[in-house]
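> only geometry, no sequence info:
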């Protein structure tokens, strides 16, 4: 009896101290893929997050923000588990999560069960997350996978003269969204997508997938990321592959371009599109690159921030700025913070960002080409900058909604 | 062989037909109807060869795992860590000296040394306590994973393939006949063939060592009855250490192979641990031929699955495991 009483007292004092702490600090939970196929992406995301904290500081008025990081492995259940743990055990009030596409859809759905909290998307880019039944407390400051492909299809068709392409991609929502963006534009311009191959996320041995690539196409589009992309390129080199390549936003990215080994050289000359370009000359971008480079020693970072670093930087920045606008006031179900988040316009390193009515970013997109800097390092060089890309990709919303949600077979290859 | 045919005439006939069909699929030029039904021959042949070469990598990892289990009844769940560690050593050495072969040698001895230390410092202290040993290996695998993450970071590492192994070669297998009547031969990555040959050589060497040498005799006797072997005066601890070193060293070599034709990164350790667990469960715990058979089956299932039923490819491996567990729980080639 005495024992259980003592336990109860200890427990309640613990709870009390937790409540006392929460008043002084604003607790923010951060998730990143620090395990599995996307480890490198998660690590660089955290570097971008850290760079934003270095730039802006953690103070909001007289309060301080405390960031608590949890690891996921790119599967939706790992993301929800991490978010639950952050909310229930660490008592965070705000979430900066998640990194990967399927995680995003799961966390958005989870966000609906906790309407009093605020969720700022860290980097995930599936269209469905903010387009289909969005959660009112979920804010996304990066564009989705389809927005990140804007410009690529036209460039491939008109400038490169590709007429028939095939795609290989990881089998999950973000890559569906990327292929969605590519197919809409490429087929809209008159091109043909003859074959779409999907491989499970985490595939290591691509030899058979490579053998099954069609010969009679002008280029092959690769929608892979992380370890999958590196393995693909390695085995592609060994199989003596020679086709023209096109890349998705996490395929042509520093996470792959600075991998160890020489298989990545297959990417030189590859055209791609993404929410950023490594060699963009814009002053704001260069300043961000400098801040990133100064924050970490050269062997603990990439030569230039990856798309994930940029996304985490932007989402962290948006959150800190909005918290300051709301004076750190989290009362009334964080209404002031949510209002500030919805209205904020970010002067982000990769172009201005504002949110639409679904709390989804409208931003700038870049068509790029991979170049060798002469010292063996690869970078994505700007070919074209496209401002004000919205989620419906410039289509009339009514037409766009008829195309359907990105999947293995949607959209069809035709003009909408 | 003859006994098998006498005892199971129906199975023998089915096997014979299967082998004949397979040979025909490999050697003959496919008629157009077949190509339409199941795709080009080139894709099939590639998937088949890839399955076998992937199987040879799995065999390298799983043979050490199964050997250690067979002799010491120690389910070494840190085996994946040994694989990854070997890969990292191989990367460091080959990047430093530029020699791929040297990477193998040093990875083998480096990881074997880790194996020796593990056996002497950890497992000997808890001999005969299977569950405790298994729990300790789980703990060790977590510690190793974090140490390697700390030392090597989350980056992907690829071991540079030596220039004489890069690129494909033509095999004397016709995949198609062009309209001009010219035959198109199969082009296949050379490095994978070399790895396949190396795995076969290692497999045969292990078989010979186990079946034709005195030490091998001791190991086999130990697998059958450890206590009896110790009672006859054999220095059993020494045999344990040697087997653990060999098993660990093989995992190290496999790490270099894996780092050459795939890549090394955190998480690979658990992936290969899982693969070797599945392989030995299918093949039979403790049996080297079982590991070889299991490895080829799993490799083929993964590769053929990824081409012909990509959506369900990930399930096929586990389906095979479930089937084996349901029909022959001791594994395909295990002795009762």
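Thanks, I have it. All values reported here derive from a predicted model rather than from experimental measurement.
> okay, now residue A:269: neighbour count?
Neighbour count for residue A:269, taken as other Cβ atoms under 10 Å in any protein chain shown: 12. From N, CA and C alone the C-beta is placed, and that goes for glycine too.
> tell me which element residue A:70 falls in.
Element membership of residue A:70, judged by DSSP states H and E, is strand A:63-71.
> swap that for residue A:370, sorry
Going by DSSP H and E, residue A:370 is part of strand A:361-372.
> and residue 98, what pLDDT?
Using chain A here. Residue A:98 is assigned 96 on the pLDDT scale.
> looking at chain B here, not the other one
Predicted confidence (pLDDT) for residue B:98: 88.
> ok, longest helix in chain B?
Secondary structure of chain B per DSSP state H: the longest helix is helix B:41-72.
> and chain A, which of its residues are near chain B?
A:34-37, A:39-40, A:42-43, A:73, A:171, A:197-200, A:202-205, A:207-212, A:226-227, A:230-231, A:234-235, A:237-240, A:259-263, A:300 (Cβ under 8 Å from any Cβ of the partner chain).
> Please give the number of neighbouring residues around residue A:38.
Around residue A:38 there are 30 residues (other Cβ under 10 Å).
> now swap in the one 3 residues further on and tell me
Residues lying near residue A:41 (other Cβ under 10 Å) number 29.
> Next, the contact list for it, please.
A:33, A:99, A:100, A:225, A:226, A:250, A:255, A:306, A:308 (Cβ atoms under 8 Å, 6 or more residues apart in numbering or on different chains).
> Secondary structure element holding the second one?
When elements are assigned from DSSP H and E, residue A:99 belongs to no helix and no strand.
> Kindly list the main-chain dihedrals of it?
Torsion angles at residue A:99 (phi, psi; degrees, to the nearest 10) stand at phi -100, psi -40.
> residue ranges of the helices in chain A, please?
A:2-24, A:39-56, A:76-88, A:101-113, A:128-131, A:152-154, A:173-188, A:207-211, A:226-238, A:254-257, A:283-295, A:307-325, A:331-343, A:397-403.
> Out of the contacts of residue A:41, who's the most crowded?
Counting by other Cβ under 10 Å, top hit in the contacts of residue A:41: residue A:100 with 37 neighbours.
> Just the angle for the strand holding residue A:370 relative to helix A:307-325, thanks.
Going by axes from the mean of the first three to the mean of the last three Cα atoms, to 10 degrees, strand A:361-372 is angled at 150 degrees with respect to helix A:307-325.
> who does strand A:361-372 touch, helix- and strand-wise?
Identification of packing neighbours for strand A:361-372 by 3 or more Cβ pairs under 8 Å, 6 or more residues apart in numbering or on different chains; DSSP states H and E yields strand A:271-274, strand A:351-355, strand A:378-389.
> winner for burial among those strands?
strand A:271-274 (a mean of 28; mean count of other Cβ atoms under 10 Å in any protein chain shown).
> Show me what that one is packed against.
Against strand A:271-274 (3+ Cβ pairs under 8 Å, 6+ apart) you get helix A:152-154, strand A:244-247, strand A:361-372, strand A:378-389.
> would you list these in CSV and tack on mean pLDDT?
Listed next are these as CSV, based on pLDDT from 0 to 100:
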stretch, mean pLDDT
helix A:152-154, 95
strand A:244-247, 94
strand A:361-372, 96
strand A:378-389, 95
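> can I get these in JSON lines with distance to residue B:221?
Formatted as JSON lines, the helices and strands packed on strand A:271-274 follow (distance: least, Cβ to Cβ, whole Å):
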{"stretch": "helix A:152-154", "distance to residue B:221": "65"}
{"stretch": "strand A:244-247", "distance to residue B:221": "57"}
{"stretch": "strand A:361-372", "distance to residue B:221": "60"}
{"stretch": "strand A:378-389", "distance to residue B:221": "57"}
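> sorry, back to before: redo the helices of chain A as CSV? Include distance to residue B:219.
Shown next, in CSV, are those (distance: least, Cβ to Cβ, whole Å):
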stretch, distance to residue B:219
helix A:2-24, 54
helix A:39-56, 38
helix A:76-88, 42
helix A:101-113, 47
helix A:128-131, 56
helix A:152-154, 59
helix A:173-188, 48
helix A:207-211, 35
helix A:226-238, 36
helix A:254-257, 45
helix A:283-295, 55
helix A:307-325, 49
helix A:331-343, 66
helix A:397-403, 64
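> Which of these sits closest to residue B:140?
helix A:39-56 (20.7 Å; Cβ to Cβ).
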